[in-house]
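>>> structure of the sequence below:
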Amino acid sequence: MPAEEPSVQQQLALLKEAFGAKISERILEIENAAAPLTGDTLVEEEAMRAIDTLQALSHKLTGSAGTFGFGEISVAARNLEQYCGSRKDLMPTSGDCREILGLIVHLASVSNLREEEPDDAPVATGPIVEAEKNMQDPVVLYFGDSAVANGELKQRFSDFSLRIRHCDKSSLDRPDDCADVVAALVDLDSPEWADAEERELQEIGARYPTSIALAKEGPFQRRLWAVRLGFESFFQKPFDTTAIVDLIDRRISERQPDPFRILIVDDDVELGKYVQVILGGAGMIVESISDPFETLDRIQKFCPELVLIDLNMPTCSGVELATIIRQQDTLSSISIVFLSSETDAARQIAAMHTGGDDFLPKSLRSEHLVSAIEARAKRFRQLRAMLVSDSLTGLLNHTATKHQMETEIARAKREDKNVCFVLIDIDHFKAVNDTHGHGLGDEVIRSLALLLKQRFRTTDVLGRLGGEEFGLVLTGVGRENALRIVNEVRVAFSEMVFKADSEDFSVTFSAGVSLYPDHSTVKELSDAADQALYSAKEAGRNQVVFAE
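Below is the predicted model of the structure:
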């Protein structure tokens, strides 16, 4: 039977123990570096070099000792670092040497004391995992006219695997019997709710996630009133059902987010591992490297959302590394956070001017470190979404889709995996616009985009290439699975009913699928899928064709 993986607390305790065992070695390294300052006669070049070395060694010890909970050692090391920094580029006097040697003696003495217990336990936020899909579809409660809930609204919500349930005021007196509720809609114009007490509306806003107010009139005063009652959103009637479903879908995704991806660059291997354990224990996917020269290659392979960089590294400083990262156009939006024991405000500001987004002390409590990293990584996702998203659908735009396609092919080559590229085109879309107007045409496009987001994995690349054309990149999926999944979506889309003034109508799409490694470049995959799509159109549309 395999041994159980150690817990976060156990891993941190082992790392602290390993660091404590090496403190005496670090003190000895500092004592040896001070040797040129102990003689009766000082050699200028050797003495100045010794002070530079002592500053670097004590700086590193300041940060790592503080992180691992050895507070007195960290303070003593900082005193040494700051004094050496004040004598930088100056020939030390005999008095300077006595002061430095005295600080080293004090550092050695406190290192022999009993180690301190860290005052912050590892963050108890368990790993963030994607929740398993419930056996039943999520439920949306509708407080309003039962005929509306059981009519068109029910059909449109079921198209997107949502169940709608009608509720009245008596529902507020009954305890919740449905754990699958994901949203609540309240028609403020309906007879039952037009004269509802504020207390009743506040209860709905507080009890249910994603509470949405619906009303025919939506002046600023009424919207403000709804906000104060606790409603998250306000839709004016007649409302776009697809937009409401999209909002609900986004809120569900936000409650089950993908783990943040964090890269740590720190020449102190033990400290990098310590931070990796803390962030990993909070549910993030973390990699740590000690050689800054590996950074660009690791970013390309690991695709982090945030890079946590030690400011002071001997072979390449954090400032220099941040500058190199920012020189890459494709990495311009990635978050860079410096982690250092540096207290000089001028140096911190100078570091931020190179493109850093934040500056965190190494002695930061673990829960504060996690919160700061989560906030910055979340900002990266929001910024990236703004830069690469199609405004109508929220899917990736044309450029971002092709870039992600290149990334997935490069990864597939390294990991020896399949990649399928799917090209989708809505059939006779021009006729939809000409007959029913561009407003309904946009609803058709948004409906397909939402269906794609619901039916495919979060790791799949979903993009709108322009007009009524979509591109999907499915990693690790072979021919048969790709055809099966895309055909399931095709059938579901063809069964949707769109409401027009003159008549109800349905729409279909055709698709072409190509496979890597049968086609080894982005252009070859695109051309093959395009040819397969053309074949699907020629064969009568509403079908999926694989590029042989």
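
>>> show me what contacts residue 330?
residue 403 (CB atoms under 8 Å, 6 or more residues apart in numbering). To be clear about C-beta, it is placed using only N, CA and C from the backbone, and glycine gets the same treatment.

>>> pretty sure it belongs to a helix, no?
Yes. Under DSSP: H, G, I helix; E, B strand; the rest coil, residue 330 falls within a helix.

>>> got the buried residues for stretch 449-458?
Residues of stretch 449-458 classed as buried: 449, 450, 451, 452, 453, 454, 455, 456 (neighbour count, 16 or more other CB atoms under 10 Å).

>>> please report the distance of the second one from residue 432.
The one in question is residue 450. Distance, residue 450 to residue 432, by CB to CB, to the nearest Å: 17 Å.

>>> again with the third one
Applying CB to CB, the value for residue 451 to residue 432 is 16 Å.

>>> okay, now residue 298: neighbour count?
When counting by other CB atoms under 10 Å, one arrives at 17 neighbours for residue 298.

>>> and it, what pLDDT?
We have a pLDDT of 90 for residue 298.

>>> tell me which residues touch it, please.
263, 287, 289.

>>> the helix or strand hosting it: how far from the chain's middle?
Using DSSP states H and E, residue 298 sits within helix 295-302. In terms of CA atoms, centre = their mean, to the nearest Å, the centre of helix 295-302 is set 17 Å apart from its chain centre.

>>> going on from that helix, what's the next piece of helix or strand?
Taking DSSP H and E, what comes next after helix 295-302 is strand 306-310.

>>> direction included, what does that next one pair against?
Strand pairing for strand 306-310, using DSSP bridges, gives strand 261-265 (parallel), strand 335-340 (parallel).

>>> which outside residues touch the shortest one?
Spelled out, it's strand 261-265. Residues contacting strand 261-265 (CB under 8 Å, 6+ apart): 272, 275-276, 279, 284-290, 292, 295, 298-299, 302-310, 313, 318, 321, 339, 373, 377.

>>> for residue 241, what are its contacts?
152, 153, 156, 157.

>>> that one and residue 10, how far apart?
51 Å.

>>> quick check, residue 242 in a strand?
No. Under three-state DSSP, residue 242 falls outside any strand and is assigned helix.

>>> that one and residue 448 touch, don't they?
No. Contact status for residue 242 versus residue 448: not in contact, 9.9 Å apart, counting by CB atoms under 8 Å.

>>> tell me the spacing between residue 291 and residue 316.
For residue 291 relative to residue 316 (CB to CB), the value is 9 Å.

>>> do the same with residue 449
Distance from residue 449 to residue 316, by CB to CB: 43 Å.

>>> repeat that for residue 17.
Taken as CB to CB, the span from residue 17 to residue 316 is 30 Å.

>>> tell me which of these two has more neighbours.
For the pair residue 17 and residue 316, the greater number of neighbours falls to residue 316 (16 against 11), based on other CB under 10 Å.

>>> contacting residues around that one?
Contacts of residue 316 by CB under 8 Å, 6+ apart are 292, 293.

>>> pretty sure it sits in a helix.
No. Looking at residue 316 with three-state DSSP, it is coil, so not inside a helix.

>>> do you know the pLDDT at it?
At residue 316, pLDDT is 90.

>>> ok, residue 142 next?
Residue 142 is given a pLDDT of 93.

>>> same question for residue 3.
According to the prediction, residue 3 has pLDDT 53.

>>> same question for the one 5 residues further on.
Looking at residue 8, its pLDDT stands at 64.

>>> quick check: closest non-adjacent residue to the residue nearest the centre of the chain.
The centroid of the chain falls nearest to residue 260 when counting by CA atoms, centre = their mean (4.2 Å). Leaving out its chain neighbours, the residue that sits closest to residue 260 by CB to CB, 6 or more residues apart in numbering is residue 377, at 4.0 Å.

>>> what distance do you get for the spatially closest residue to residue 461 that is not a sequence neighbour to residue 456?
Once flanking residues are discounted, residue 461 sits nearest to residue 473: 3.7 Å by CB to CB, 6+ apart. In this view, residue 473 and residue 456 are 10 Å apart by CB to CB.

>>> kindly report the same for residue 39.
Residue 39 is 71 Å from residue 456, by CB to CB.

>>> before we move on, what about residue 545?
Relative to residue 456, and taking CB to CB, residue 545 is found at 19 Å.

>>> can you measure across stretch 249-265, start residue to end residue?
End-to-end distance for stretch 249-265: 36 Å, by CA to CA, to the nearest Å.

>>> so what's the residue count around residue 387?
By other CB under 10 Å, neighbour count at residue 387 equals 12.

>>> when you give positions from now on, start the count at 251
Renumbered: residue one is now 251, and that last one reads residue 637.

>>> who's in contact with the host helix or strand of it?
Element membership for residue 637, per DSSP H and E: helix 616-638. Around helix 616-638, the neighbours that count as contacts under CB under 8 Å, 6+ apart are 370-373, 375, 510-512, 525, 528-529, 532, 534, 555-556, 558, 583-585, 587, 607-608, 610, 614, 644, 646-647, 649-650.

>>> which of the contacts of residue 548 tops the neighbour count?
For the contacts of residue 548, neighbours tallied by other CB under 10 Å; top is residue 513, 22 neighbours.

>>> separation between the residue lying closest to it once chain neighbours are set aside and residue 512?
Nearest non-adjacent residue to residue 513, counting by CB to CB, 6+ apart: residue 554, 3.9 Å away. Computed as CB to CB, the residue 554 to residue 512 distance reads 6 Å.

>>> distance from the chain centre to the helix or strand just after the helix holding residue 637, please.
Per DSSP H and E, the first helix or strand lying C-terminal to helix 616-638 is helix 648-665. Computed by CA atoms, centre = their mean, the chain-centroid distance of helix 648-665 equals 19 Å.

>>> still on that earlier bit, mind putting the strands paired with strand 556-560 into CSV with mean pLDDT and distance to residue 308?
Listed next are those as CSV, based on pLDDT from 0 to 100; distance: least, CB to CB, whole Å:
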stretch, mean pLDDT, distance to residue 308
strand 511-515, 92, 21
strand 585-590, 85, 13
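
>>> what would those look like in a markdown table with distance to residue 477?
Formatted as a markdown table, the strands paired with strand 556-560 follow (distance: least, CB to CB, whole Å):
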| stretch | distance to residue 477 |
| --- | --- |
| strand 511-515 | 35 |
| strand 585-590 | 31 |
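
>>> which one of these lies nearest to residue 362?
Residue 362 sits nearest to strand 585-590 of all the strands paired with strand 556-560, at 27.0 Å, using CB to CB.

>>> now do residue 667 against residue 762, distance only.
If you go by CB to CB, the gap between residue 667 and residue 762 works out to 21 Å.

>>> pLDDT value on the closest residue to residue 274 other than its chain neighbours, please?
Nearest non-adjacent residue to residue 274, counting by CB to CB, 6+ apart: residue 361, 6.9 Å away. At residue 361, the model reports a pLDDT of 77.
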